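# please find the sequence and the predicted model below.
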Amino acid sequence: MSLAALLPFVVLIGAMFLMTRSAKKKQAQAATMRNDMQPGSGVRTIGGMYATVKEVNEDTVLLDAGPGVHLMFAKNAIGAVLSDEEYNRIVHGVEADTELTDDAVVPDDASSLTETDETAAADDSRIDLGKKDEPVEAEKADEAPKADDADAEPKKTDGESDAK
């Protein structure tokens, strides 16, 4: 056999080696992440549920999903261990960087947030996304029949039949 015939097989084996190597590296990172979990850490399961770690065992994790809700999960079911800031941002909606200050103005009602007639009249560049005016079925029925329709038999309704 020549070297040219063996080249595709060598390239294929090399590609398979590189793919399995990267997959093993990802699995090792995931195992390290799961083993580093501590009680009080925020986690996301592979099903998308967010909870706080209450207890870590050898193969299982006890999660606190809410007041009085404790769930037992396999360690492999933990998709990600989240930082405290990220967990609070996702679960509680708390932004770490933004805080309300005393000079923030909060309106008493939503009327100041809506658009007034003056601003609506000033903004003529709006695009009309509505349907074009087309005659409604009732208006079509009122129109005079065309020449082709004059010779045609009247259409039958649901209650009528061809029986004589």
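Happy to help now that I have it.
# strands along the protein, start to end?
Read by DSSP state E, the chain holds these strands, from start to end of the chain: 42-45, 50-56, 60-66, 69-74, 78-82.
# what residues are up against Met33?
Taking CB atoms under 8 Å, 6 or more residues apart in numbering as the contact definition, Met33 lies against 78, 80-81. Glycine gets a C-beta too; all of them are placed from N, C-alpha and C.
# repeat for Asn35
Under the criterion of CB under 8 Å, 6+ apart, Asn35 has no contact partners.
# so where's the chain uncertain?
Of all residues in the chain, those with pLDDT under 70 make up the ranges 1, 96-108, 110-128, 132-164.
# 90 instead, please
Across the chain, residues meeting the criterion (pLDDT under 90) sit at 1-10, 17-37, 58, 66-68, 76, 80, 83-84, 86-88, 90-164.
# helices of that one, start to end?
3-35, 84-91, 117-122, 137-142, 147-150 (DSSP state H).
# returning to that earlier point: so which of the contacts of Met33 wins on neighbours?
Neighbours here are counted as other CB atoms under 10 Å. On that basis the top member of those is Ile78, with 22 neighbours.
# that one contacts Gly47, correct?
No. In terms of CB atoms under 8 Å, Ile78 does not count as a neighbour of Gly47; the distance is 10.4 Å.
# hmm, back to that, which one of the strands of the chain lies closest to Ala30?
Put simply, out of the strands of the chain the one that sits nearest Ala30 is strand 78-82, at 8.7 Å, with distance taken as CB to CB.
# now that closest one and strand 50-56, what's the angle there?
Strand 78-82 and strand 50-56 are oriented at 100 degrees to each other (axes from the mean of the first three to the mean of the last three CA atoms, to 10 degrees).
# which secondary structure elements does strand 78-82 contact?
Packing partners of strand 78-82 (3 or more CB pairs under 8 Å, 6 or more residues apart in numbering; DSSP states H and E): helix 3-35, strand 42-45.
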